[in-house]
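Engineer: Mind folding the following:
(2 chains)
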Number of protein chains: 2
Amino acid sequence: MRIAVYVYDGMTALDAVGPYDILNRIPGAEVTAVGHGRGRKRAEGGLEVAAAADLDEFTTADVVVVPGGGAQGLAEQLRNDRLLDWLQMRSGDVAWVASVCTGALVLGAAGLLHGRRATTHWRARDHLSRYGAVYVDERVVEDGNVMTCGGVTAGIDLALTLTLRLAGSEIARAVQLSAHYAPEPLFPPEHPDRAPSELLTIINEQLGPRSVDVG
Amino acid sequence: MRIAVYVYDGMTALDAVGPYDILNRIPGAEVTAVGHGRGRKRAEGGLEVAAAADLDEFTTADVVVVPGGGAQGLAEQLRNDRLLDWLQMRSGDVAWVASVCTGALVLGAAGLLHGRRATTHWRARDHLSRYGAVYVDERVVEDGNVMTCGGVTAGIDLALTLTLRLAGSEIARAVQLSAHYAPEPLFPPEHPDRAPSELLTIINEQLGPRSVDVG
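Structural biologist: Take a look at the predicted model:
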C-alpha cells in the first residue's frame, strides 16, 4: 500500500507529520514524503522535512495526503499547476485523496471538491465555497474518495479514519492504542463561533508564525 | 524564549513534531530542531527531518524536549554520552526539561528522573524504575522542572501544558484553538491494562516499524 504525503515550503509541519506517523503503522503501508522536487522543504516555523521523491516518481498511489500551510506557502501551492495536475491525475486511481487543514483548498484548486461536502481549519471555512465545495462543520468529512478534516491536530483523526477504511477496525483500533491516543485537551475544546472574541484576537495578532489567512 | 527539540535517527516523528508545531505558536518562542550534529535525521518509517543546530551550538535554552523512538534509535541515545552530558548541563538552567513517549528513558539515562514522578508510553512503563523514577499513570506528569508524558500523541498535551506554564492560560487556550484541538478519537480511548489481548498481539506482531521494546 503506497501512501504519498505531499510536503512543501510553508506547510504546517504537524499537518503532514501527524498522518505520516499514524498511517505508517498500518501493516504493509509504505509512506513517502513527496515534493515538487526532492529534498528539503521548510515548514512554517522553520522545521525542515525532506521530500524523498518528486511528484513524477510517484505515478501510482493508494492514498495521497495534502497538508495545510500558512498564507504564503499555501498560496504558492494554489497556483502550482504541476501539483494540481498531479492531484487531478492521481484522484482517478487512488483509493483516497485526503487533506488536512487548509490542504482542502489545494484539493479545491485541483477541481476535486466541486459539489462535494468538505471541511478545513475553521479559519478557512469561508474559502471552500470558491471551489464549489459545501462546508461541513465536522472533524472528518468523507465524500466519494475525498476525505478532508479540520485544522492541524485533526490530521490524526483523519489518519485513523483512513486506517479504518484501508485496513479495518481491528487494525485501526490497534493503531490508535499504539499511538497512545487518549487525548486530554488542556481546556474543554471550544467551537470558534462560541469562543470569546479576546481569544480570536490573540490568535490573529499574537500567535506564532502560522496563519491560515488565504484571503 | 529558546526551545530545543532534540532530533535523532530512529525517533518517532510525531513525538518531535507535535511539540515543535504547538510550542512554535507561543508569541516570541523560537523553536529549533537540535541534533548530535546538524543535518538530516531519519525518523522511524523513513521521514527525514533536519537538525538546524548541533548540541554545542545550543548552550542556553528555556525548554528542551526529547522525543521517543523505536528500539534501535532509542538504544543509541541511551548510550550517547554527549547527549546525556548536554541534558545534564541544560537541566540546571532551563525552565523545563521535557520528554515525549520513550524520551523519558533518555532523561532517565541522563540521571534526571531519580526519585521523580514520571510517565512514558504505556509499553515502556516498566523501564522507568531502572532510572529511579516512580511511574505515574497520567497523561502529563510534572515534577520539579521535569515534564514527561505518554506516548506519541501525548506530546500535544505536553506541549499545551508547557505553553500554559511558559505563557499563561490565555495564550495556551488560544494555541489550543489555533491548532483546532478538539480531538475525536475513532474508538473510545482504551487503557492498555483493559484492552483485549488480541489488540496487544496486533500491536506487537503486525503494526508498522515502530516498537518501544527497549528491553
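Engineer: I'd like to know how many residues surround A:P185.
Structural biologist: For A:P185, the count of nearby residues is 17 (other Cβ atoms under 10 Å in any protein chain shown). For the C-beta atoms, the positions are set from N, CA and C on the backbone; glycine is no exception.
Engineer: What distance do you get for it to B:L160?
Structural biologist: Going from A:P185 to B:L160 by Cβ to Cβ, to the nearest Å gives 7 Å.
Engineer: Spit out the residues that contact those two alike.
Structural biologist: Listed as contacting both A:P185 and B:L160 by Cβ atoms under 8 Å, 6 or more residues apart in numbering or on different chains are B:Q176, B:Y181.
Engineer: need the helices for chain A, in chain order.
Structural biologist: Taking DSSP state H, the helices of chain A run over residues A:13-23, A:71-78, A:81-91, A:103-109, A:154-167, A:169-178, A:197-205.
Engineer: Pipe those helices into JSON lines and attach distance to chain B per row.
Structural biologist: Putting those into JSON lines (distance: least, Cβ to the nearest Cβ, whole Å) gives the following:
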{"stretch": "helix A:13-23", "distance to chain B": "4"}
{"stretch": "helix A:71-78", "distance to chain B": "14"}
{"stretch": "helix A:81-91", "distance to chain B": "20"}
{"stretch": "helix A:103-109", "distance to chain B": "12"}
{"stretch": "helix A:154-167", "distance to chain B": "4"}
{"stretch": "helix A:169-178", "distance to chain B": "4"}
{"stretch": "helix A:197-205", "distance to chain B": "4"}
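Engineer: Let me know which of these is the nearest to B:G155.
Structural biologist: Closest of these to B:G155 is helix A:13-23, at 9.9 Å (criterion: Cβ to Cβ).
Engineer: tell me the angle the closest one makes with helix B:13-23.
Structural biologist: Calculated by axes from the mean of the first three to the mean of the last three Cα atoms, to 10 degrees, helix A:13-23 forms an angle of 160 degrees with helix B:13-23.
Engineer: Lowest average confidence across the helices of chain A, which one?
Structural biologist: Comparing mean pLDDT across the helices of chain A, the lowest value falls on helix A:197-205: a mean of 92.
Engineer: helices or strands up against that helix?
Structural biologist: Judged by 3 or more Cβ pairs under 8 Å, 6 or more residues apart in numbering or on different chains; DSSP states H and E, the packing partners of helix A:197-205 are helix B:169-178.
Engineer: quick one: the helix it packs on near chain A?
Structural biologist: Yes - Helix B:169-178 lies within reach of chain A by Cβ under 8 Å from any Cβ of the partner chain, at B:S169, B:E170, B:I171, B:A172, B:R173, B:A174, B:V175, B:Q176, B:L177, B:S178.
Engineer: Closest one of those residues to B:L112?
Structural biologist: Nearest to B:L112, judged by Cβ to Cβ, of the residues of helix B:169-178 next to chain A is B:A172 at 24.4 Å.
Engineer: show me the contacts for the closest one.
Structural biologist: A:L186, A:F187, B:L160, B:T163, B:L164.
Engineer: of all those, which two lie farthest apart?
Structural biologist: The span of these, defined through Cβ to Cβ, is set by A:F187 and B:T163 at 11.0 Å.
Engineer: Go through the helices of chain A and name the closest to B:T12.
Structural biologist: Closest among those, once you apply Cβ to Cβ, is helix A:13-23, at 6.7 Å.
Engineer: out of the residues of helix B:169-178 next to chain A, which are buried?
Structural biologist: Neighbour-count burial (16 or more other Cβ atoms under 10 Å in any protein chain shown) applied to the residues of helix B:169-178 next to chain A gives B:I171, B:A172, B:R173, B:A174, B:V175, B:Q176, B:L177, B:S178.
Engineer: Quick check: the fourth one touching A:L207?
Structural biologist: Yes - if you go by Cβ atoms under 8 Å, B:A174 and A:L207 touch, sitting 6.2 Å apart.
Engineer: among the helices of chain A, which is the most enclosed?
Structural biologist: helix A:13-23 (a mean of 31; mean count of other Cβ atoms under 10 Å in any protein chain shown).
Engineer: pull the CA atoms of that helix into CSV?
Structural biologist: What follows is helix A:13-23, C-alpha atoms only, in CSV (Å, rounded to 0.1, in the frame of the first residue of the first chain):
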residue,chain,number,x,y,z
ALA,A,13,4.6,20.6,9.9
LEU,A,14,2.1,18.8,12.2
ASP,A,15,-0.5,18.7,9.3
ALA,A,16,1.9,16.5,7.4
VAL,A,17,3.6,14.5,10.2
GLY,A,18,0.5,13.5,12.1
PRO,A,19,-0.9,11.5,9.2
TYR,A,20,2.6,10.3,8.1
ASP,A,21,3.3,8.8,11.5
ILE,A,22,-0.2,7.3,12.0
LEU,A,23,-0.5,5.8,8.5
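Engineer: now, among the buried ones among the residues of helix B:169-178 next to chain A, which is nearest to chain A?
Structural biologist: Of all these, chain A sits closest to B:A174, with 4.0 Å by Cβ to the nearest Cβ.
Engineer: List the contacts of the closest residue to the closest one other than its chain neighbours.
Structural biologist: Residue nearest to B:A174 in three dimensions, not counting chain neighbours: A:I202, with 4.0 Å by Cβ to Cβ, 6 or more residues apart in numbering or on different chains. If you count contacts by Cβ under 8 Å, 6+ apart, A:I202 has them with B:E170, B:I171, B:A174.
Engineer: Can you add distance to A:G10 and give those back as a markdown table?
Structural biologist: Listed next are these as a markdown table, based on distance: Cβ to Cβ, whole Å:
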| residue | distance to A:G10 |
| --- | --- |
| B:E170 | 28 |
| B:I171 | 24 |
| B:A174 | 22 |
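Engineer: so how many other residues sit close to A:E44?
Structural biologist: A:E44: 26 surrounding residues under other Cβ under 10 Å.
Engineer: For it, which non-adjacent residue is closest in space?
Structural biologist: Excluding its sequence neighbours, the residue lying closest to A:E44 (Cβ to Cβ, 6+ apart) is A:G70, at 4.4 Å.
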